[in-house]
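Novice: need coordinates for the following:
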Amino acid sequence: MPHGGIPGANVALIVQKYGGSSVADAESIKRVAKRIVDARRAGHDVVVAVSAMGDTTDELLDLAAQVAPIPAPRELDMLLSSGERISMALLAMAIHSMGFEARSFTGSQAGMITDATHGAARIVDVTPVRLREALDEGAIVIVAGFQGFNRDTRDITTLGRGGSDTTAVALAAALEADVCEIYSDVDGIFTADPRVVPKARKLGVVSAEEMLELAANGAKVLYIRAVEYARRHGVLIHSRSTFSSSVGTYVLGPGMTLPDGESGEEMEEPIVAGVATDLSQAKITVIGVPDVPGKAAEIFKVIAKSGANVDMIVQNVSAATTGRTDISFTLPKTDAATALKALAGDQAEIGFLSLVHDDQIGKLSVVGAGMRTHSGVSATLFEALSIAGINIEMISTSEIRISVVVRGDDLAEAARVVHTAYGLDGDSDAVVHAGTGR
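Specialist: Have a look, this model is predicted:
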């Protein structure tokens, strides 16, 4: 796939994605339309994936809850998919008013074929026949993000969290675009969330591998599904701000190079690329588990059946006097009640004594491909937290990541001291334009 030809170089096919904060109101939509038209004026073909305006999706979910305690999944997808249809049509109208041809398409019209899972559908194929025809006829193409179509049921589906990012990347892959520009209200990928760590610096380049770890551990600028899809299909992602024309951050997959005329700030692999924070998890401790083979397996089979997604696990040393141990694990707060109920239901069979639920925790993760070849990375982390008087409750590692659980109240301070300890601080505070980072 070609990676040259970004604005400033040759003519290119560009896929752009605009999040809810970028199209929150009429003025924002007109500003986005101007940016799209500017790219078209430069001679590029442009395909745009767009999210619902502002908080529209949340408002529709609230409305659904008011009329039905448990909305039917098929009808909920029909309802939620309307949010993106509103913004795509308005954006196309704004582009028309600027004298350029634009055509809007729903996910199904754009050929986004998914499985039949309502609310969290996976893309199985993209057949962008109508989009190619529109591009060949000189039109700017606007596609409703977050939605698709299942061939067997012939129903509308939605893709779940990060759906519009994933739509954009899937379109870029299918159309063999030169770049997929993901626009949000921040200037790119930072060494930490600038709302938590004001001295965070924007990265010129980050590897897809590092971005996957950052996204999985709390970084919200790009969603993990979109990054994984891009890595698998060789799509070059450029994370940029709707509010600025400056170059953002390129996410490079295996074997990728920067586009013509662009240079990364750090071509040599840094030891630590960034620090991610996550306040969305809870901790459950199973107290007094009989310390015999198979008990951990029983516990996590029960949790798996409940549908909860476990992250970190720690088992304490068995107490010699009782022959029992404690097992702690973290999971999304939204899964905690279901997991607790499932475990309580099997308490007698498993033989543990009690359960403790703690939803006041925070997870801090340090990510960097350079960890593979540098010693002392963990020592720096633990020393920084120790000097700040911040207690570590759990530790988990991968080849390029170290994660720790601390008190939720300590998380922001922990992120700042660790960011400083790794020499990641910038000379001045990062600019945050608006909103939430989406």
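Novice: what sits against Ser375?
Specialist: With CB atoms under 8 Å, 6 or more residues apart in numbering as the criterion, no residue contacts Ser375. For glycine as for every other residue, the C-beta is placed from the backbone atoms N, C-alpha and C.
Novice: what helix or strand is it located in?
Specialist: Element membership for Ser375, per DSSP states H and E: none, as it lies in no helix or strand.
Novice: how about the secondary structure of Ile303?
Specialist: helix (DSSP: H, G, I helix; E, B strand; the rest coil).
Novice: any idea how many residues pack against it?
Specialist: 22 (other CB atoms under 10 Å).
Novice: kindly report the same for Thr322.
Specialist: 11.
Novice: who does Lys363 bridge with?
Specialist: Lys363 has these beta-bridge partners by DSSP bridges: Asp278, Val405.
Novice: tell me who's in contact with it.
Specialist: 217-218, 277-279, 281, 311-312, 330, 403-405, 411.
Novice: wait, isn't Pro290 in contact with Ile327?
Specialist: No - in this structure, Pro290 is not within contact of Ile327 by CB atoms under 8 Å, at 11.1 Å.
Novice: neighbour-wise, which of the two wins?
Specialist: Ile327 (19 against 16).
Novice: could you list the domains of this structure?
Specialist: The chain breaks down by automatic domain parsing into domains covering 13-259, 272-421.
Novice: quick one on the thing from earlier: can you select the buried ones among the contacts of Lys363 for me in PyMOL?
Specialist: Entered in PyMOL, the line below selects the buried ones among the contacts of Lys363, by 16 or more other CB atoms under 10 Å:
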select buried, resi 217+218+277+278+281+311+312+330+403+404+405+411
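Novice: what's the pLDDT at Ala319?
Specialist: In this model, Ala319 is scored at 78, pLDDT.
Novice: what comes up buried for the longest helix seen in the chain?
Specialist: Within the chain, and with DSSP state H defining each element, the longest helix by residue count is helix 73-97. Neighbour-count burial for helix 73-97, counted by 16+ other CB under 10 Å, picks out 76-85, 87-92, 94-95.
Novice: ok, now stretch 407-421?
Specialist: Gly408, Asp410, Leu411, Ala412, Glu413, Ala414, Ala415, Arg416, Val417, Val418, His419, Ala421.
Novice: against Leu79, how distant is Leu381?
Specialist: 45 Å (CB to CB, to the nearest Å).
Novice: Thr167 now?
Specialist: 18 Å.
Novice: ok, the most far-flung residue of the chain relative to its centre - contacts?
Specialist: What lies farthest from the middle of the chain is Thr321; by CA atoms, centre = their mean that is 46.1 Å. Counting by CB under 8 Å, 6+ apart, Thr321 makes contact with nothing.
Novice: would you confirm that it belongs to a strand?
Specialist: No - per three-state DSSP, Thr321 lies outside any strand segment and is coil.
Novice: residue boundaries of the helices in the stretch 251-400 of the chain?
Specialist: 295-306, 333-345, 347-350, 377-387 (DSSP state H, counting those that start in this stretch).
Novice: which of the residues in the third one are buried?
Specialist: Right, the one you point to is helix 347-350. Ile350.
Novice: output it as PDB, restricted to C-alpha atoms.
Specialist: In PDB, the C-alpha atoms belonging to helix 347-350 read as follows (Å, rounded to 0.1, in the frame of the first residue of the first chain):
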ATOM      1  CA  GLN A 347     -19.200 -19.900  47.100                       C
ATOM      2  CA  ALA A 348     -20.100 -23.200  48.800                       C
ATOM      3  CA  GLU A 349     -18.700 -25.300  45.900                       C
ATOM      4  CA  ILE A 350     -15.500 -23.300  45.600                       C
END
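Novice: what helices or strands is it leaning on?
Specialist: helix 295-306 (3 or more CB pairs under 8 Å, 6 or more residues apart in numbering; DSSP states H and E).
Novice: tell me which residues are up against stretch 299-316.
Specialist: Residues outside stretch 299-316 that contact it (CB under 8 Å, 6+ apart): 281, 286, 289, 296, 325-332, 335-336, 338-339, 341-343, 345-346, 350, 352, 363, 394-396, 403, 405.
Novice: buried ones among those?
Specialist: Buried among the contacts of stretch 299-316 (16+ other CB under 10 Å): 281, 286, 289, 296, 325-331, 335-336, 339, 342-343, 350, 352, 363, 394, 396, 403, 405.
Novice: mind listing the strands for the stretch 1-150 of the chain?
Specialist: All strands of the stretch 1-150 of the chain, identified by DSSP state E, counting those that start in this stretch, fall at 13-18, 45-50, 102-105, 112-114, 123-126, 140-144, 147-149.
Novice: next: the stretch 201-350 of the chain.
Specialist: 205-207, 237-241, 249-252, 274-278, 281-290, 313-315, 324-332.
Novice: among those, which is nearest Val11?
Specialist: Distances from Val11 to each of those were compared by CB to CB, and the smallest falls on strand 237-241, at 16.8 Å.
Novice: relative to strand 13-18, how tilted is the closest one?
Specialist: 50 degrees (axes from the mean of the first three to the mean of the last three CA atoms, to 10 degrees).
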